[in-house]
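Student: sharing a model prediction with you, sequence too.
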Amino acid sequence: MSLLVPLALLGLLTLPIIILLHILRNRRELLSISSLQLWRELQQRKQGGLPRFILLSLMLFLQLCAATALTLALTRPAFSFLLDQPRQTIFVLDTTTSMTAEDAGQVTASVDGNRRFDVARQFIQNQLQAMDQDDTFAVISLEPKPEILLTGDGEQVAPAMLALENLAPGATGVDLPSALTLANSLVDSFDQEHEIIVLTDGSYPVEAELLPPLLAPITWQIISSRPEPEGRVSNLALLNVSARRLIDDRHRLFVRVVNYGDAPAGATLLIIADGRPVDQATIQLDPLGETARLWTLPARTETVAVELVEPDSLPLDNRAELYLAGVTRHRVLLVSDTPDTLAQALEVQPGVVLSIDSPEMIRFNPTNFDLVVFESIPPALTAWPQGNLLIVNPPLGHPLLPAENFARNLRPDLEVTSALLTGLDLSGVYFSRVSQLTLPDWAEADLMGVAIDPEQETNSDLPLIFSGAVDDSKLVVWAFDLTESNLPARLALPLLTANTLSTLLSSGPPPVVPVGEPVLLNGSYSVEIPGGRRLPPDSAGNELNVFTRTKQPGLYKIYGSDEALVTGFAVQAGSALESNLTTQLDPAALELRQEPERVLASPKLEFEEYWPWLAGLALGAVIIEGWLAWRR
């Protein structure tokens, strides 16, 4: 209880005044007497002294009661209630592959299923359901690149619960310092309580000195099936499943299996080629041991899968797949009246799907190709098409590459080095006719030409090959005429063509990608994920498309705009970072640093005043006392 105006207690001084007035007031009484002689005794009694006692009466009681109630009402007494402070809870949720381990049933029976991730998700859902409307929350992913998954307040719990149900783990490795730094950035107000809750299986070591000072208290929820402080969780994992092509086009398959348990383990390896089992092997592994196996597969094999038949704690690393037909297919359009020489140089390049068109009547849309090769430049072409372009023997007088004359009898300057010339032997190569071009501002020279006859005053230091970018076009220009050179008769032409394609085109994604690792696609492609679902290309039309939907292990196939299969890659879950399920994080040993304490706002109080009741009591006492006085 609180008094909002305690100074009003001075009103209690009226109580002794009322009592004093009752003592001092003249008490006159009507007496019936038979003789005036008796008045002498009455006078003597009146002058005999003051009374020594207080004559109790109902009037006195009512007056004291009224004064007391009125005084207390003036002090505004109230019951005070401390309101609950708004609370912000920041959850750091481990979303790595190890959280899919199916061994959490040994820890809790309150969750449907026994995946570690399910236990962590259920914990967050329980916390959200217990929140008040003024409370806020955030969920941060604990992975190599932490990000904010969810934010909201007590009124947004329902959609947050649904979003949590749709979350799926799938990442390789963690960055705990970055996740805690991101959590600190969300602690942005001083009028509420804060807490950071880390939900993880702790299957990774942490260096405490790398962790940032925390702006809020931290709570650790270690979700693991570790029975003892030094116990090791058993798990067999397929690591380093890869293949290479042999000289006869067959495939050599390499498989490495690791036992992350502290007990001997046996397993059966099953080899599945193009969807059919072709071989199997039985292996025995010592505690913390490993073994490797080799297989040779036929040349026409397109896909292969390796599987550990016996189940264990982490099913995701018991199967690994490979896409063996992994040569990236490039759609190339050659626009030329005499395409034979260039067509032959292009067709021998791996993965090139060549289409040929004439400059007078272009039937194909250049935007549907990965590379467009113009032998000469059509007069109707007044701007560079968007995409990758190879220009061979540009004509005189064209506005895109202006040249007024041809240079004669040039040889390459062998002192110039460029990535386009890697592995080329240009000694003895000559060019009888070269467009006499000035190097554009957007280009860099890759090969310069010098006169064969040193006495020539012209035709010296002219660019033979140059490259660059104009707006959304990436160009390589061969300024010479192939028919006026001995280059087509030499091995240098297919090698130069291969280097030019490598410069203009992406080499394709890596054959194997860890779970959660983004993949860079050079172009706008659709991707078929495991299960057969086709994801459309980037709607923004970006030339470089970062594909991030790689949380599911399996084969990913990449298709071009013409629905032709371009290439593919495999996502594998087995890794030393995720397959070792043993808890390595010990929160008690971290000694996390705390930021200096901040001055928080005063807690919010709510008051319930009851002075009107006291005022009413005082008014009632006055009314009754007045009525009694009137009746007398």
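Tutor: Sure, I can see it. Numbers count the residues shown, from 1 in each chain.
Student: which parts of the stretch 101-250 of the chain are helices?
Tutor: Applying DSSP state H, counting those that start in this stretch to the stretch 101-250 of the chain gives helices spanning 116-129, 157-165, 176-186.
Student: so which elements touch the longest one?
Tutor: Packing contacts for helix 116-129, counted by 3 or more Cβ pairs under 8 Å, 6 or more residues apart in numbering; DSSP states H and E, involve strand 87-94, strand 136-142, helix 157-165, strand 193-200. Any C-beta I mention is one placed from the backbone N, CA and C, and that applies to glycine too.
Student: quick revisit: could you dump the helices of the stretch 101-250 of the chain into a markdown table with mean neighbour count and distance to Leu10 added?
Tutor: As requested, the helices of the stretch 101-250 of the chain are exported to a markdown table (neighbours: other Cβ atoms under 10 Å; distance: least, Cβ to Cβ, whole Å):
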| stretch | mean neighbour count | distance to Leu10 |
| --- | --- | --- |
| helix 116-129 | 20 | 52 |
| helix 157-165 | 14 | 52 |
| helix 176-186 | 20 | 52 |
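Student: what's the closest of the helices and strands packed on helix 116-129 to Asn240?
Tutor: Closest to Asn240 of these is strand 87-94 (Cβ to Cβ; 24.7 Å).
Student: tell me where the stretch 401-550 of the chain has helices.
Tutor: Under DSSP H, counting those that start in this stretch, the stretch 401-550 of the chain gives helices at 492-504.
Student: pLDDT below threshold where in it?
Tutor: In the predicted model of the stretch 401-550 of the chain, residues 453-460, 507, 523, 538-544 satisfy pLDDT under 70.
Student: ok so, going back, the helices of the stretch 101-250 of the chain: which one's closest to Asp274?
Tutor: helix 116-129 (32.9 Å).
Student: pLDDT on that closest one, on average?
Tutor: Helix 116-129 comes out with an average pLDDT of 94.
Student: what lies in contact with that helix?
Tutor: For helix 116-129, the surrounding residues in contact (Cβ atoms under 8 Å, 6 or more residues apart in numbering) are 89, 91, 93-95, 98-101, 103-104, 107-108, 110-112, 137, 139, 157, 160-161, 164-165, 167, 169, 197, 199-201, 221, 223-224.
Student: give me the buried entries from the residues you listed.
Tutor: Taking 16 or more other Cβ atoms under 10 Å as the criterion, what is buried in the contacts of helix 116-129 is 89, 91, 93-95, 98-101, 103-104, 107, 111, 137, 139, 157, 160, 164, 167, 169, 197, 199-201, 221, 223-224.
Student: now do the end-to-end distance for stretch 429-441.
Tutor: Stretch 429-441 has an end-to-end distance of 28 Å (criterion: Cα to Cα, to the nearest Å).
Student: can you give me the buried ones in stretch 338-349?
Tutor: Residues 339, 341-343, 345-346, 349 are the ones in stretch 338-349 that count as buried (16+ other Cβ under 10 Å).
Student: residue nearest the centroid of the protein?
Tutor: Glu147 (3.1 Å; Cα atoms, centre = their mean).
Student: which non-adjacent residue is nearest that one?
Tutor: Ser141 (5.5 Å; Cβ to Cβ, 6 or more residues apart in numbering).
Student: and that neighbour, what does it touch?
Tutor: By Cβ under 8 Å, 6+ apart, the neighbours of Ser141 are 93, 95, 147, 149, 171, 179.
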